[in-house]
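Chemist: starting from these lines, generate the structure:
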Amino acid sequence: MVKIAPSILSADFARLGQEVQRVESADWLHVDVMDGMFVSNISIGVPVVKSLRKVTDMFLDVHLMIEKPVRYIDAFAQAGADLLSVHLEADMPPGIRAALEAMDRHGVKKGIVLRPITAAEAVLPYIKDVDLILVMTVEPGFGGQKFMADQLPKIAAIRKYIQQYNPACHLEVDGGVDPVTAPQVIQAGADVLVAGSAVYGAPDAAAAIRALRGQ
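Modeler: Numbers count the residues shown, from 1 in each chain. Below is the predicted model:
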């Protein structure tokens, strides 16, 4: 079954504990960390992940939109992240390798992320070593953007790579996912859907999650 991962970037941060409770029927909780350098916005950091861990046992899917992410793997892992994903564009290959090795030391799940400009083939050096590949279907850094349908062939190509090299690896999609676009990314091969405004902007979050599942 496809997993749904609501993004707290679209939640009301003044009532974050209650906002987590609103989406407890989902599978994972997606946490977007932005440093103001890799992307222009600044969002949240280690203290918020630590606070989230105290109020939920949901799987914390932490997406690091930060430069040279190896510097912060230890801190986010210790804060309670279950999975950490790093952008291939955020460092040179030795730095990405070092970040993945740090995740291994902490026993957290490992993910890599591709911006829209990055080709599917970029995953190949890492695909056998990761638990998740995240394809961005918007430019990272801002919520509420329009879904980029030109990323669908990339999702399909990466699904083929996963089937060939690492069938247990998840394929996640983040950006503009709603009940209209969700079937498209699922058909292309995604099995984890990140949704922010489509869930948190809905009056009934549980119903919105069911709609993303196609129920």
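
Chemist: how close does residue 90 sit to residue 69?
Modeler: From residue 90 across to residue 69, the span is 6 Å (Cβ to Cβ, to the nearest Å). For the C-beta atoms, the positions are set from N, CA and C on the backbone; glycine is no exception.

Chemist: looking at the two, which one has more neighbours?
Modeler: Neighbours were counted for residue 90 and for residue 69 using other Cβ atoms under 10 Å; residue 69 has more, 27 against 23.

Chemist: show the contacting residues for that one.
Modeler: Under the criterion of Cβ atoms under 8 Å, 6 or more residues apart in numbering, the neighbours of residue 69 are 84, 86, 87, 90, 91, 95, 99.

Chemist: in which helix or strand does the first one reside?
Modeler: When secondary structure is defined by DSSP states H and E, residue 84 falls within strand 83-87.

Chemist: give me the residues contacting that strand.
Modeler: Contact with strand 83-87 is made by 38, 59-65, 69, 73, 76-77, 96, 99-100, 103, 108-115, 131-132, 134, 140, 172, as judged by Cβ under 8 Å, 6+ apart.

Chemist: so what's the nearest residue to residue 44 once chain neighbours are set aside up against?
Modeler: Nearest non-adjacent residue to residue 44, counting by Cβ to Cβ, 6 or more residues apart in numbering: residue 33, 6.2 Å away. Each residue near residue 33 by Cβ under 8 Å, 6+ apart is listed here: 43, 44, 45, 49, 62, 63, 64, 65, 66, 76.

Chemist: mind redoing it with 7 Å?
Modeler: Residues near residue 33 by Cβ atoms under 7 Å, 6 or more residues apart in numbering: 43, 44, 45, 62, 63, 64, 65, 66.

Chemist: how about CSV for the contacts of residue 69, with distance to residue 183 and pLDDT added?
Modeler: As requested, the contacts of residue 69 are exported to CSV (distance: Cβ to Cβ, whole Å; pLDDT from 0 to 100):
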residue, distance to residue 183, pLDDT
84, 29, 98
86, 29, 98
87, 27, 97
90, 31, 95
91, 34, 96
95, 36, 97
99, 33, 98
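
Chemist: got a quick PyMOL command for the buried subset of these?
Modeler: Selecting only the buried entries of the contacts of residue 69 in PyMOL, with 16 or more other Cβ atoms under 10 Å as the criterion:
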select buried, resi 84+86+87+90+91+95+99
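
Chemist: returning to what we had before: which among the contacts of residue 33 count as buried?
Modeler: Buried subset of the contacts of residue 33 (neighbour count, 16+ other Cβ under 10 Å): 43, 44, 45, 62, 63, 64, 65, 66.

Chemist: next, format the residues you listed as CSV and append pLDDT, secondary structure and distance to residue 178.
Modeler: Output for these, formatted as CSV (pLDDT from 0 to 100; DSSP: H, G, I helix; E, B strand; the rest coil; distance: Cβ to Cβ, whole Å):
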residue, pLDDT, secondary structure, distance to residue 178
43, 82, coil, 21
44, 85, coil, 23
45, 89, coil, 28
62, 98, strand, 23
63, 97, strand, 19
64, 96, strand, 25
65, 94, strand, 21
66, 95, coil, 27
